[in-house]
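Enquirer: Provided below are the primary sequence and the corresponding predicted coordinates.
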Amino acid sequence: MDGAAATVRGAALAAREAAVALATTTGAERAGALRAIAAHLTAGQADILAANRRDVAAAESAGRSATVLDRLRITAPQLAALADMVTDLADQADPVGETAAGAVMPNGLEVRRIRVPLGVVGMIYEGRPNVTVDAAALCLKSGNAALLRGSSTARHTNAALVSVMRSALRDTSVPADAVQLVPGTTHASVHELMALRGLVDVLIPRGGRELIQATVRESAVPVIETGVGNCHVYVDEHADLDKALAVLLDAKTQRPSVCNATESLLVHEAVAARFLPRALAALAAHGVLVHGDERVRSFDDAVVPATEEDWGREYLALELSAAVVGSLDAAVAHIRRHGSGHTEAIVTDSQTAARRFVAALDTAVVAVNASTRFADGGELGLGTELGISTQKLHARGPMGVTALTTTKYVLVGDGHTRGQAAPRP
């Protein structure tokens with residue numbers, strides 16, 4: 001084993017020991033640790049923001065895109081919001097030990113299925129340093145140790161955030177090794193993390209398609225697959241067009257660099273002539289470049305031709321693909337072909353259309369007359385999230401605290417035996 005691999009393994013061993021200690025902490029102790037972290041994030045603001053400015057400056061010098069810079073940058077209000085999120089999470093109900101199901105069997109044996117931590121959770125994520133705090137806080141609330149592997153783009157910010165959180169934990173009953181950065185800045189450390197089956201219980205990749213698919217393909221550790229966000233807004237023939245325009249503009253322009261921003265617009269042909277001129281003008285006013293099919297292009301010369309690749313693209317920028325469809329079923333077929341299973345929205349005043357759309361789409365989140373931007377743990381009352389799971393096993397949709405637990409059966413008897421044999425003398 002080379003030095004880099006040994007260092008990553010050493011961090012995982014320390015995280016495993018911390019997870020064992022965490023398993024016996026109380027909800028009140030973990031909540032106290034979270035409140036300490038919130039206070040230290042506030043007190044450490046100057047150091048954290050200085051580290052972030054260093055990362056942003058390096059990214060700008062390297063010619064990184066506006067999308068990368070937006071994800072990377074942390075402002076004082078954003079840091080304050082992170083601290084508030086951690087405090088709010090501390091105040092939430094504790095999921096650990098909660099009885100998910102229970103019964104007393106006919107023979108008097110008590111059976112309970114209770115929630116317990118996963119153990120050691122590894123996060124592999126790209127240049128959004130807020131994920132460092134989100135992941136650590138959610139893991140601690142649910143009794144898990146967190147191994148965090150952010151991108152090199154945010155290395156100084158992540159290091160400052162983890163240093164502040166570990167410092168906070170030293171004054172609590174939660175071990176500091178429950179929050180760690182994975183050592184190393186090269187892909188070798190990521191591959192070593194993926195190999196640590198038995199030390200790391202689950203890996204959660206959060207980022208672009210390549211990162212997610214590489215983790216799914218190469219990891220020996222079980223993976224909770226989060227998905228890229230090729231999200232759609234479908235404007236139905238029964239839509240209120242004022243509502244449709246408001247939903248579309250929010251879904252596309254409120255923050256275009258995130259996974260729940262809409263990347264594609266589908267409009268029923270019955271309302272296309274009334275809706276598209278308004279929508280295209282409003283999108284242009286917000287600086288959105290539209291890639292459209294021939295029918296969309298017929299309404300505005302500024303629309304560029306859409307390629308086959310555009311229908312499946314996650315732009316993460318002020319760009320949008322758009323098409324006119326002949327029916328709700330055609331919209332569903334388009335989404336099922338090109339969507340990523342993240343979030344889809346319909347705008348309609350028809351309950352029949354809404355029910356059909358919800359039932360027909362195999363996706364983690366469906367919004368009816370609401371922006372795709374609501375596919376977010378904070379907006380859905382989870383406090384925060386680790387990502388949007390697009391898989392179907394264990395966790396799906398925004399992953400809050402409960403998604404970081406599993407269950408165990410607890411059997412309580414009174415000398416119960418299953419066999420009929422009498423004890424030997």
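Expert: It's in. Residues are numbered from 1 along each chain as shown.
Enquirer: Please enumerate the helices of the stretch 151-300 of the chain.
Expert: For the stretch 151-300 of the chain, the helices defined by DSSP state H, counting those that start in this stretch cover 155-169, 187-194, 209-218, 241-253, 272-285, 294-297.
Enquirer: Please give the number of neighbouring residues around V368.
Expert: 14 (other Cβ atoms under 10 Å). Where C-beta positions appear, they are placed from N, C-alpha and C, glycine not excepted.
Enquirer: Revised request: answer the last question for S163.
Expert: 17.
Enquirer: gap between it and V228?
Expert: Distance, S163 to V228, using Cβ to Cβ, to the nearest Å: 31 Å.
Enquirer: For P222, list the residues it contacts.
Expert: If you count contacts by Cβ atoms under 8 Å, 6 or more residues apart in numbering, P222 has them with R197, D201, V202, L203.
Enquirer: Now with 7 Å, please.
Expert: V202 (Cβ atoms under 7 Å, 6 or more residues apart in numbering).
Enquirer: Quick check: which of the helices of the stretch 151-300 of the chain is buried the most?
Expert: helix 155-169 (a mean of 22; mean count of other Cβ atoms under 10 Å).
Enquirer: Which of the helices of the stretch 151-300 of the chain has the lowest mean pLDDT?
Expert: The weakest mean pLDDT among the helices of the stretch 151-300 of the chain belongs to helix 209-218, with a mean of 85.
Enquirer: Quick one: list the elements packing against that helix.
Expert: Packing partners of helix 209-218 (3 or more Cβ pairs under 7 Å, 6 or more residues apart in numbering; DSSP states H and E): helix 187-194, strand 202-206.
Enquirer: could these go into CSV alongside distance to R418?
Expert: Listed next are the helices and strands packed on helix 209-218 as CSV, based on distance: least, Cβ to Cβ, whole Å:
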stretch, distance to R418
helix 187-194, 41
strand 202-206, 33
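Enquirer: can the helices of the stretch 151-300 of the chain go into TSV with extra columns for distance to Y315?
Expert: Converted to TSV, the helices of the stretch 151-300 of the chain look like this (distance: least, Cβ to Cβ, whole Å):
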stretch	distance to Y315
helix 155-169	25
helix 187-194	26
helix 209-218	13
helix 241-253	9
helix 272-285	13
helix 294-297	16
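Enquirer: So which of the ones you listed is nearest F357?
Expert: Among those, helix 241-253 comes nearest to F357, with 13.9 Å by Cβ to Cβ.
Enquirer: and that closest one, how far from the chain's centre?
Expert: 23 Å (Cα atoms, centre = their mean, to the nearest Å).
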